[in-house]
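A.B. asks: What follows is a predicted protein model with its sequence.
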Amino acid sequence: MLKIKLSCDFDLRTNLLCGQIFRVEEEDNNKFIVILEDRVIRIFQDKKILYVESNNYNNLENVIINYFDLNRDYSKINNELLKINPNLKDIIDKNKTLKFIKQPKFECIISYVLSSNNTVKNIKNALDNISKRYGKKVIFDNKEYYLFPSFYDLKDAKVEDFRELKCGFRDKYLVDIIKNINNKSFDIEKISLMEDEVALKYLTNQKGIGLKVASCILLFAYSKFGVYPIDTWVKHYMKDNYNIEDVKEIKEYFSKYNNYSGIIIQYIFNYYRNERS
């Protein structure tokens, strides 16, 4: 078992269950099974130590540190946010253990395309179905798991296949996106090099990727914190606290946070969802 000593504020449960990722299962005693890009892990936390088991221990510590973005100085970011708006202190204090999980680009794109007008349970089921049909089988702790397939693994999948796998009306979008990635008309690697607005436009040129989905993809797969989705909880927060309802006005309000707009939006989403639900 790998032990990772934490040098930052971090809460495993908060990060795994805050809605960023979908292929996570909670076991007894606050242990979690998470399916990463190339391996399965069981992970739990005891104070300032993460304990990790896996079917693949190769470079595991670096994989975990990168996945949970543990090397980024969020305290510095939070201080910058407080300089812009000291009234955020309560929200930031309640989110000081939250990080932005660095998700595999292709899986994140497919996950958030599936998220459109969908429930977390249905998204997870669809992702699991796709993985079981097309992904690599992994045996961990005497159980079968399936890694998420690559876009090449899915190149021959048809609309009917995705419909059978419970992807709903998004089936045709998945086929188009996978085809475009494979024929290189949609290059998901070069998005990392784009400016935020250029990346948003590039993503939304794909059928099935609207502004909200594109924003989530850029936040959670590319760590582009200058973009942000306007979620229902954020709308509630702005209406209740500032009497602002228009999405354009909400965006103008958050533009003052510049390259950290997406971070404070996620903090507000997490804070208000927990406060009001």
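C.D. replies: That came through fine. Nothing here was measured: the structure is a model prediction, and the numbers come from that model.

A.B. asks: Who are the contact partners of residue 132?
C.D. replies: residue 146 (C-beta atoms under 8 Å, 6 or more residues apart in numbering). (C-beta placed from N, C-alpha, C; glycine too.)

A.B. asks: if we go to 10 Å?
C.D. replies: 144, 145, 146, 149, 165 (C-beta atoms under 10 Å, 6 or more residues apart in numbering).

A.B. asks: Distance-wise, check residue 144 relative to residue 35.
C.D. replies: As defined by C-beta to C-beta, to the nearest Å, residue 144 lies at a distance of 11 Å from residue 35.

A.B. asks: can you tell me how far residue 262 sits from residue 78?
C.D. replies: Distance from residue 262 to residue 78, by C-beta to C-beta: 14 Å.

A.B. asks: To clarify, my last question referred to residue 93.
C.D. replies: 9 Å.

A.B. asks: ditto for residue 18
C.D. replies: From residue 18 to residue 78 the distance is 16 Å (C-beta to C-beta).

A.B. asks: show me what contacts residue 250?
C.D. replies: When contacts are counted by C-beta under 10 Å, 6+ apart, residue 250 touches 228, 230, 234, 235, 237, 238, 239, 242, 244, 265.

A.B. asks: on that earlier part again, list just the nearest of the contacts of residue 132 to residue 55.
C.D. replies: residue 145 (8.2 Å; C-beta to C-beta).

A.B. asks: In three-state terms, label that closest one for me.
C.D. replies: Three-state assignment for residue 145 (DSSP: H, G, I helix; E, B strand; the rest coil): strand.

A.B. asks: Relative to residue 202, how far out is it?
C.D. replies: Taken as C-beta to C-beta, the span from residue 145 to residue 202 is 33 Å.

A.B. asks: who's more crowded, the two?
C.D. replies: residue 145 (21 against 18; other C-beta atoms under 10 Å).

A.B. asks: and the more buried one, what is it in contact with?
C.D. replies: 23, 25, 33, 35, 39-40, 55, 128, 131-132, 135-139.

A.B. asks: tell me the helices in the chain, going along the chain?
C.D. replies: In the chain, the segments counted as helices under DSSP state H are 12-17, 60-67, 74-84, 89-93, 105-114, 120-134, 159-164, 171-182, 196-204, 211-222, 232-242, 247-254, 261-276.

A.B. asks: okay, the ones you listed in JSON lines with distance to residue 44 and mean pLDDT next?
C.D. replies: JSON lines is the format used below for these (distance: least, C-beta to C-beta, whole Å; pLDDT from 0 to 100):
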{"stretch": "helix 12-17", "distance to residue 44": "7", "mean pLDDT": "94"}
{"stretch": "helix 60-67", "distance to residue 44": "12", "mean pLDDT": "97"}
{"stretch": "helix 74-84", "distance to residue 44": "22", "mean pLDDT": "94"}
{"stretch": "helix 89-93", "distance to residue 44": "25", "mean pLDDT": "93"}
{"stretch": "helix 105-114", "distance to residue 44": "23", "mean pLDDT": "97"}
{"stretch": "helix 120-134", "distance to residue 44": "20", "mean pLDDT": "96"}
{"stretch": "helix 159-164", "distance to residue 44": "34", "mean pLDDT": "96"}
{"stretch": "helix 171-182", "distance to residue 44": "34", "mean pLDDT": "97"}
{"stretch": "helix 196-204", "distance to residue 44": "35", "mean pLDDT": "96"}
{"stretch": "helix 211-222", "distance to residue 44": "23", "mean pLDDT": "94"}
{"stretch": "helix 232-242", "distance to residue 44": "28", "mean pLDDT": "89"}
{"stretch": "helix 247-254", "distance to residue 44": "35", "mean pLDDT": "88"}
{"stretch": "helix 261-276", "distance to residue 44": "21", "mean pLDDT": "86"}
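
A.B. asks: Which one of those lies nearest to residue 2?
C.D. replies: helix 60-67 (5.4 Å).

A.B. asks: tell me which residues in that closest one are buried?
C.D. replies: 60, 63, 64, 67 (16 or more other C-beta atoms under 10 Å).
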